[in-house]
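Student: give me the fold of what follows.
(one chain, ligands or ions: 1)
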Amino acid sequence: MNDTFLKACRGEAVPYTPVWIMRQAGRYLKQYQKIRKKVDFLTLCKTPELAVEVTIQPIDALGVDAAILFSDILIPAEAMGMKLKFFEKKGPVLTPPVRDEHSVKKLSVPEPEDSLGFVMETIKILRKELNTRVPLIGFSGAPFTMATYMIEGGTSKNFLQTKKMIFQSPGLYASLMEKITQTVVKYLEAQMKAGIQAVQLFDTWAGIFSPQDYKDYVLPYIKRVIKEIKDWQSTELTESVPIIYFVGECGGLLEEIKTCGADVIGIDWRINMDDAIKRLGNNISVQGNLDPCALFQPRKKIQGRVKDILNMAVSARGHIFNLGHGILPETRVENVVAMVEMVHNLSKK
Ligand code: CP3
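Tutor: Numbering: from 1, shown residues only. As a prediction, this is how the structure comes out:
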């Protein structure tokens, strides 16, 4: 198997810098659109044969060094008891929004093997199909980012309801976070049991906080998730499963993020990689951090950006090349293929 990705996560020597792309399965690929014409997004997530197919599409099309399970961070919120729908322009909607004690009480901590069995089934098939190719990344939303969707009822601009709950009813927020944290831990343990080889925790919206509020209201929960799944690994698995923690707009928070216990920190493009590495220290690998919009430039310019990031990352314990956030549907596939080749060629040792 191509294990450059797992080696870079662990800070071991690699022949070249591995690369994968956040949201690498998706609408910018014609093959994906073809399947989406036939089924809606949630059906796609819940039909193992189809989820397997779209997970593998970018491996065939791009030559990336890892596969990521096809699913969504909001699937477990549905399993906790909320109604989930995806709309073409509006994105995800969760109803009714969780804003009082009664609605927190109603939420359950699901048994993943029962209500999320389709995810484990997808993982098992994927491990068989990918075995000699690349490792499979599993994932979950981080507790805070999941909470924003559950409290706001969908995507938000200023997260007013979430911050209101935190600052006006901290006890209510803590009780919601307790249920989400337990759900995330169980969900990731089930994914590891089913065969995933690395975990990414997506904390897309955690960058909305001051360092102190991040430390008080986000970090304790992510630390707990990471500690509990690492403890579980050490008794249940023979080989450790690296943990990647991604925060959108992480630049103001790196001194706090560094203490979370993850093996790899995902970095967005608003900060230079060398600066991020200096602040994170040498006990941790990094992942990132090309602006997804940089792929709209001509090839030569893309190459310049790739070179800059690779150069800045030489001081890291390990580096996995990626975008600083998910790839956009308007992206030209040829540019993505070229980017992957550039990363491999320019980083060859
Ligand atoms: O990375 C991958 O290829 C694996 C699959 C994956 C998806 N979503 C598929 C998806 C992963 C890892 C996610 C994570 C996710 N989902 C996040 C965290 C990462 C990030 O991008 O910030 C968040 C915040 C979500 C919630 C979500 N799902 C939103 C806001 C949307 C709507 C926006 C959009 O792009 O349409 C989705 C839908 C979604 N998730 C799509 C895909 C491929 C598009 C659905 C479609 O086919 O129409």
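Student: quick check: residues of the chain near the ligand?
Tutor: By Cβ under 6 Å from any ligand atom, the part of the chain that sits against the ligand consists of 22-27, 36, 41, 68, 70-74, 86, 91-92, 139, 155, 202, 204, 326. Backbone N, C-alpha and C define where each C-beta goes, glycine included.
Student: buried among those? Make that a PyMOL selection.
Tutor: Selecting only the buried entries of the residues of the chain next to the ligand in PyMOL, with 16 or more other Cβ atoms under 10 Å as the criterion:
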select buried, resi 22+23+24+25+26+36+68+70+71+72+73+74+92+139+202+204
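Student: out of the residues of the chain next to the ligand, list just those in helices.
Tutor: In helices, defined here by DSSP state H, the members of the residues of the chain next to the ligand are Arg36, Phe41.
Student: residue ranges for the helices of the stretch 101-250 of the chain, please.
Tutor: Secondary structure of the stretch 101-250 of the chain by DSSP state H, counting those that start in this stretch: the helices cover 101-106, 112-115, 117-130, 143-152, 160-168, 170-194, 211-217, 219-236.
Student: what's next to the fourth one, contact-wise?
Tutor: With Cβ atoms under 8 Å, 6 or more residues apart in numbering as the test, helix 143-152 has contacts from 73-74, 76-77, 80, 82, 92, 94, 97-99, 140-141, 155-156, 159, 161-162, 165, 173, 176-177, 180-181, 184, 202-206, 217-218, 221-222, 225.
Student: centroid-wise, who is the farthest residue in the chain?
Tutor: His102 (30.4 Å; Cα atoms, centre = their mean).
Student: what does stretch 209-227 contact?
Tutor: 142-144, 166, 173, 177, 180-181, 184-185, 188, 201, 203, 206, 243, 245, 252-253, 255-257, 259-262.
Student: counting neighbours, what do you get for Met342?
Tutor: When neighbours are counted by other Cβ atoms under 10 Å, Met342 registers 20.
Student: what's the helix or strand for it?
Tutor: helix 333-346 (DSSP states H and E).
Student: tell me which other helices or strands that helix touches.
Tutor: In terms of contacts (3 or more Cβ pairs under 8 Å, 6 or more residues apart in numbering; DSSP states H and E), helix 333-346 is packed against helix 48-62, helix 299-312.
Student: so Asn131 touches Met1, yeah?
Tutor: Yes. Assessed by Cβ atoms under 8 Å, Asn131 is found in contact with Met1 at 7.0 Å.
Student: pull out the buried residues from stretch 89-105.
Tutor: Buried residues in stretch 89-105 (16+ other Cβ under 10 Å): Pro92, Val93, Leu94, Pro97, Val98, Arg99, Ser103, Val104.
Student: quick check: mean pLDDT of it?
Tutor: Mean per-residue pLDDT for stretch 89-105: 97.
Student: same thing with stretch 65-80?
Tutor: Mean predicted confidence for stretch 65-80 is 98.
Student: from the chain's centroid, how far away is it?
Tutor: Mean-position distance between stretch 65-80 and its chain equals 9 Å (Cα atoms, centre = their mean, to the nearest Å).
Student: next one: stretch 166-179
Tutor: On Cα atoms, centre = their mean, the centre of stretch 166-179 falls 24 Å from that of its chain.
Student: which parts of it are buried?
Tutor: Taking 16+ other Cβ under 10 Å as the criterion, stretch 166-179 shows Ile166, Leu172, Tyr173, Leu176, Met177, Lys179 as buried.
Student: and if you look at stretch 226-236?
Tutor: Neighbour-count burial for stretch 226-236 [16+ other Cβ under 10 Å]: Ile226, Glu228, Ile229, Trp232, Gln233.
Student: how about stretch 196-216?
Tutor: 196-209, 214-215.
Student: now do stretch 319-336
Tutor: Neighbour-count burial for stretch 319-336 [16+ other Cβ under 10 Å]: His319, Ile320, Phe321, Asn322, Leu323, Gly324, His325, Ile327, Thr331, Val333, Asn335, Val336.
Student: can I get those residues in CSV with pLDDT?
Tutor: Below are the buried residues of stretch 319-336 laid out as CSV (pLDDT from 0 to 100):
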residue, pLDDT
His319, 98
Ile320, 98
Phe321, 99
Asn322, 98
Leu323, 98
Gly324, 98
His325, 98
Ile327, 98
Thr331, 98
Val333, 98
Asn335, 98
Val336, 98
